[in-house]
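K.L.:
Mind looking at a prediction? Sequence and model below.
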Amino acid sequence: MKDFKDFENMAMFDLPETERKVLKERFDEIKIGISAVDAQDTQLLQTLVSPLNYTNIIREDVCEKFFSGEELLLNAPEQKDGYFQVPAAID
């Protein structure tokens, strides 16, 4: 950004001059840090997705029917047309 005022407008801030000065200094420090990272040559680095050498350890997704609708509704205090009946949340 050319000017900190552009950033202030974009973020919809309306700062006093003293706060603007402090934040501008911090913002400039962040920009220096980012430019130092950008200056590093990363052409020879391999993309790292995870530091751990795990392969897929997730179980296979298998659909199983554990209870029928009728069995689930046996414990319902109230039911209507095959569904749980609950108090209205919105009037």
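P.N.:
On my side now, so go ahead.
K.L.:
quick one, what contacts F84?
P.N.:
73, 76, 78 (CB atoms under 8 Å, 6 or more residues apart in numbering). Backbone N, C-alpha and C define where each C-beta goes, glycine included.
K.L.:
shaky segments in this protein?
P.N.:
Scanning the chain for pLDDT under 70 picks out 1-2.
K.L.:
Give me the longest helix you can find in the chain.
P.N.:
For the chain, the helix with the greatest residue count under DSSP state H is helix 17-38.
K.L.:
from the chain's centre, how far out does it sit?
P.N.:
In this view, helix 17-38 has its centroid 25 Å away from the chain centroid, taken as CA atoms, centre = their mean, to the nearest Å.
K.L.:
Centre of the chain to stretch 67-75, how far?
P.N.:
Taking CA atoms, centre = their mean, one finds the center of stretch 67-75 at 36 Å from the center of the full chain.
K.L.:
mind saving the C-alpha coords of it as PDB?
P.N.:
Provided in PDB are the C-alpha atoms of stretch 67-75 (Å, rounded to 0.1, in the frame of the first residue of the first chain):
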ATOM      1  CA  PHE A  67     -31.300 -48.100  14.300                       C
ATOM      2  CA  SER A  68     -34.600 -47.800  12.400                       C
ATOM      3  CA  GLY A  69     -36.600 -44.600  12.600                       C
ATOM      4  CA  GLU A  70     -39.200 -46.400  14.700                       C
ATOM      5  CA  GLU A  71     -36.600 -47.500  17.200                       C
ATOM      6  CA  LEU A  72     -35.300 -44.000  17.600                       C
ATOM      7  CA  LEU A  73     -38.700 -42.600  18.100                       C
ATOM      8  CA  LEU A  74     -39.500 -45.000  21.000                       C
ATOM      9  CA  ASN A  75     -37.500 -42.800  23.300                       C
END
